[in-house]
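Chemist: Need a 3D model of the following:
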Amino acid sequence: MFQIGDKVVCIDADFSMYPNIFELYRELPKRDEVYTVRERQFVQGLGYRILLDQVINQPIYIDMVKGKVEPAFNATRFALLNGPVSVEAEKMEEMLA
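Modeler: Reported below is the predicted structural model:
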């Protein structure tokens, strides 16, 4: 599971199954964009959810938690982004030979 500070990439930004999504979310993640995890939550029955540094939404009342919280995103919509791999040109040529 993701840790706070992890860089993740959005792999599923299809929210079309939620026609009223903008009643809850002002901002949504975009496919192939990179984000930083700022908080993670476990919600019984829903699994892991994450909040992102780059996407901030207003708190809303959520019956499951009996209070106002910022709506989070299902962690399965994201993949951990591995750091960029730096390979010198000579090593690249050796690998391709």
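Chemist: can you pull out the helices in the chain?
Modeler: Along the chain, counting by DSSP state H, helices occupy 89-96.
Chemist: for it, which spans come out with low pLDDT?
Modeler: 83-97 (pLDDT under 70).
Chemist: Give me the contact list for the longest strand along the chain.
Modeler: Longest strand in the chain, counting residues (DSSP state E): strand 34-43. With CB atoms under 8 Å, 6 or more residues apart in numbering as the contact definition, strand 34-43 has outside contacts at 1-10, 29, 48-55, 64-65, 72, 75, 78, 81. Backbone N, C-alpha and C define where each C-beta goes, glycine included.
Chemist: can you do 6 Å?
Modeler: 2, 4, 6-9, 48-54, 72, 81 (CB atoms under 6 Å, 6 or more residues apart in numbering).
Chemist: just stretch 3-14 next, same as before
Modeler: Taking CB under 6 Å, 6+ apart as the rule, stretch 3-14 contacts 29-31, 33-37, 77-81.
Chemist: go again using 10 Å as the cut-off
Modeler: Outside of stretch 3-14, the residues that reach it under the criterion CB atoms under 10 Å, 6 or more residues apart in numbering are 2, 28-40, 50-53, 55, 73-83.
Chemist: which of those residues are buried?
Modeler: Buried positions within the contacts of stretch 3-14, assessed by neighbour count (16 or more other CB atoms under 10 Å), are 29, 35, 37-38, 40, 50-52, 55, 73, 75, 77-78.
Chemist: contacting residues around Asp32?
Modeler: Neighbour list for Asp32: 9-11, 13 [criterion: CB under 10 Å, 6+ apart].
Chemist: Just the ones of the contacts of strand 34-43 in strands?
Modeler: Per DSSP E, strands hold the following members of the contacts of strand 34-43: 7-9, 48-52.
Chemist: Dump those to CSV, plus distance to Pro59.
Modeler: Below are the ones in strands among the contacts of strand 34-43 laid out as CSV (distance: CB to CB, whole Å):
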residue, distance to Pro59
Lys7, 25
Val8, 22
Val9, 26
Tyr48, 19
Arg49, 14
Ile50, 16
Leu51, 11
Leu52, 15
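Chemist: I am finished for the moment; much appreciated.
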